[in-house]
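> Got a sequence here, can you build the structure:
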Amino acid sequence: MAFISIREIIDIIIMVFAIGYIFSGFFKRTPHEGYDPIKYFSKSMGWENIKHAAMIAAPAVVLHELAHKIVAMSYGAIAILKAPYLMYGIVIALRAMNFPLVFFVGGYVAHSPLPALPSAFVSVAGPLTNFIVWFLIQTAIKHNVLRKYHSIMAPMAKINLFLGIFNMLPIPGFDGFNFFRSLFSAFM
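Below you'll find the model as predicted:
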């Protein structure tokens, strides 16, 4: 079995565009220093904002889901990354109506059953990846690495930290719930 299928690649592309649109109202592209105002304002800012928001928010979700997939496959499970199309449709419709609060599932990985301890590792892999990305970005910002990109890196770090914490909440359906349930099953 291939690591990633054409269907999964298509789902990732759709995931990136959907996340870009959903977050385009939150992360608007600002002009860089020395920009040409005529060129800047002649572009479709809607599309520019979608690309900008996708660049900031999508890596957190895509890397999170790929981490689940990689860890599940490392334990011999069949793992398939999927985009939740119905959820995207609902959230995109709410976003189009300027609904103020948007909650959504960015993606998910369905995998064949695993024993309790490997299942716990699969569950924690996504949030752990978000925490690692947050730490790396924060370290880069602190040490002035890639200063030119700090305006993108700072919100990217915040999204990764939020996703890591939010997903570890022990609420049914969340990674945290599956992690703690699997640990409990493994050791009790």
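> helices and strands of this structure: which one has the lowest mean pLDDT?
helix 37-42 (a mean of 68; mean pLDDT, DSSP states H and E).
> Distance of the residue nearest the centre of the chain relative to residue 15?
Closest residue to the average C-alpha location of the chain: residue 61 at 1.2 Å, with CA atoms, centre = their mean. As for residue 61, its distance to residue 15 is 7 Å (criterion: CB to CB, to the nearest Å). (Glycine included, C-beta is placed from N, CA and C.)
> which neighbours do the two share?
106, 107 (CB atoms under 8 Å, 6 or more residues apart in numbering).
> so what's the backbone phi/psi at the nearest residue to residue 52 once chain neighbours are set aside?
Using CB to CB, 6 or more residues apart in numbering and skipping residues adjacent in sequence, the residue nearest residue 52 is residue 29, 3.9 Å away. Main-chain dihedrals, residue 29, degrees, to the nearest 10: phi -70, psi 130.
> Run a quick neighbour tally on residue 29.
By the criterion of other CB atoms under 10 Å, residue 29 has 20 neighbours.
> Also residue 161?
Residue 161 has 18 nearby residues by other CB under 10 Å.
> With residue 38 instead?
7.
> ok so, going back, what separation do you get for the residue nearest to the centre of the chain and residue 184?
27 Å.
> go on, residue 63?
Distance of residue 63 to residue 184, given as CB to CB: 27 Å.
> Looking at these two, which has the bigger crowd around it?
Neighbours per residue, other CB under 10 Å: of residue 63 and residue 184, the larger number sits with residue 63, 16 against 11.
> which strands and helices sit next to the lengthiest helix in the chain?
Longest helix in the chain, counting residues (DSSP state H): helix 45-74. For helix 45-74, the packing partners by 3 or more CB pairs under 8 Å, 6 or more residues apart in numbering; DSSP states H and E come out as helix 6-23, strand 79-82, strand 108-111, helix 116-142, helix 150-167.
> which of the residues in the third one are buried?
It stands for strand 108-111. 108, 109, 111 (16 or more other CB atoms under 10 Å).
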